[in-house]
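K.L.:
just a sequence and a predicted model for now, questions to come.
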Amino acid sequence: PSEACSCMRFSSGEEVLREGSPIFWLFIVVDGRAKVCRTAPNGKSLILCYYISSGMIGEVELMTRQEIAA
């Protein structure tokens, strides 16, 4: 239902979701860009993909019923 949806806007460089944090929403990138990263065992940030005006963040956690962002 539409009342269960919310439109959110994030600033450039703002963190939307952190690996290992609780995840409560499915994010749909409508406009702009989003970068998905994972932290390697050596502490470096590995870029997994970029979303440019399309894509979903959190769909794997939703489908596997995980409550923590992977």
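P.N.:
Received it, and whenever you're ready, just let me know what you need. It should be emphasised that the depicted structure is a prediction, and the values quoted were computed from it without experimental measurement.

K.L.:
what's the closest non-adjacent residue to Arg38?
P.N.:
Of all residues not flanking Arg38 in the chain, Leu46 sits nearest, at 5.1 Å (Cβ to Cβ, 6 or more residues apart in numbering). For glycine as for every other residue, the C-beta is placed from the backbone atoms N, C-alpha and C.

K.L.:
and what of Phe10?
P.N.:
Val16 (5.8 Å).

K.L.:
so what's the residue count around that neighbour?
P.N.:
15 (other Cβ atoms under 10 Å).

K.L.:
same question for Ile57.
P.N.:
Ile57, neighbours per other Cβ under 10 Å, totals 19.

K.L.:
check which helices and strands the helix or strand that contains Arg38 is in contact with.
P.N.:
For Arg38, the host element (DSSP states H and E) is strand 33-39. Packing partners of strand 33-39 (3 or more Cβ pairs under 8 Å, 6 or more residues apart in numbering; DSSP states H and E): strand 45-52.

K.L.:
follow the chain on from the strand it packs on and name the next helix or strand.
P.N.:
Counting by DSSP H and E, the element after strand 45-52 in chain order, helix or strand, is strand 56-57.

K.L.:
any idea of the pLDDT on the residue nearest to Phe10?
P.N.:
What the model reports for Val16 is a pLDDT of 87.

K.L.:
ok, now Ala70?
P.N.:
Predicted confidence (pLDDT) for Ala70: 77.

K.L.:
distance of it relative to Cys37?
P.N.:
With the distance defined as Cβ to Cβ, to the nearest Å, Ala70 ends up 12 Å from Cys37.

K.L.:
next up, the contacts around the residue most central in space within the chain.
P.N.:
Centroid check for the chain by Cα atoms, centre = their mean gives Ile57 as the closest residue, at 3.7 Å. Residues counted as contacts of Ile57 (Cβ atoms under 8 Å, 6 or more residues apart in numbering) are Val16, Leu17, Leu26, Phe27, Ile28, Val29, Ala34, Val36, Tyr51.

K.L.:
filter the residues you listed down to just the buried residues.
P.N.:
Leu17, Phe27, Val29, Ala34, Tyr51 (16 or more other Cβ atoms under 10 Å).
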